[in-house]
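# based on what follows, work out the 3D shape:
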Amino acid sequence: MYRIFFNDKPIILTTKVEKETDFKNFLLKDISINSILETLSKKKIRAVHLIHHNEKKILKVFLKKIPNVIAGGGKVYNYEGKILFIYRNDKWDLPKGKAENNEGIEETAIREVEEETGVEHLEIIKPLPTTYHIFKRNGKYKIKITYWFEMKTSFSGKLYPQEAEGITKVVWLNEKEAKEALKNSYANIKLLV
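Below is the predicted model of the structure:
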């Protein structure tokens, strides 16, 4: 099962048909992206379930329906065990960004964290779950596939928000502060933290 978010509502890719309550079932092969997003825009609908018979191919079939943007990002811990957060578009988020030509995804993740926050000396500890969310750019819908990594750093210098990317704050948050920040964050970030 996969969860793809659109305005914090999930599109659930599944092989199981469930009785509809506050969600709608559709056959993945028969539905267009616009129909899915139109359905999710209705207030009474909490989610959309897209059903496909083959669990191994379900994500691939979905991703062919919409242009893909590959990104890398980090859930970064400092020596005090605090997590690095950015504030952009009136929401708390983790640093991430689009892969550049011929760049490995781990390189992307480290570069984006450095560019968006000013934090250096990053070391990848382990991969985290991949997230998927649909966004609109220049009038077209796309899906951002973000490969996340848990990272650590010994960096203790000044934090610099990348204002050109709309980032207004960069902060280290302890566990209690992070829980509070997540109340004003995105569904896929809540899953990671």
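# what pairs with the longest strand seen in the chain, and is each one parallel or antiparallel?
In the chain, taking DSSP state E as the definition, the longest strand is strand 140-153. Strand 140-153 has its sheet partners listed here by DSSP bridges as strand 68-77 (parallel), strand 122-127 (antiparallel), strand 131-137 (antiparallel).
# can you list contacts of the last one?
Spelled out, it's strand 131-137. Strand 131-137 is contacted from outside by 2-6, 11, 33, 37, 66, 141-146, 148, 186, 188-189, 191-192, using CB atoms under 8 Å, 6 or more residues apart in numbering. To be clear about C-beta, it is placed using only N, CA and C from the backbone, and glycine gets the same treatment.
# now with 6 Å?
4-6, 141, 143-146, 188 (CB atoms under 6 Å, 6 or more residues apart in numbering).
# and the longest one, by the same measure?
Residues outside strand 68-77 that contact it (CB under 6 Å, 6+ apart): 84, 94-99, 105, 108-109, 113, 142-153, 192.
# same thing but at 7 Å, please
83-84, 94-99, 105, 108-109, 112-113, 119, 122, 128, 142-153, 192-193 (CB atoms under 7 Å, 6 or more residues apart in numbering).
# pull out the buried residues from those.
Among those, those classed as buried by 16 or more other CB atoms under 10 Å are 83-84, 94-97, 99, 105, 108-109, 112-113, 119, 122, 128, 142-153, 192-193.
# angle of the longest helix seen in the chain against strand 140-153?
Secondary structure of the chain per DSSP state H: the longest helix is helix 105-117. Here the directions of helix 105-117 and strand 140-153 differ by 90 degrees (axes from the mean of the first three to the mean of the last three CA atoms, to 10 degrees).
# roughly how far is helix 105-117 from the heart of the chain?
15 Å (CA atoms, centre = their mean, to the nearest Å).
# assign Leu37 to helix, strand or coil.
At Leu37 the chain is in helix, as set by DSSP: H, G, I helix; E, B strand; the rest coil.
# now do Val17 against Tyr160, distance only.
50 Å (CB to CB, to the nearest Å).
# fine by me, thanks again.
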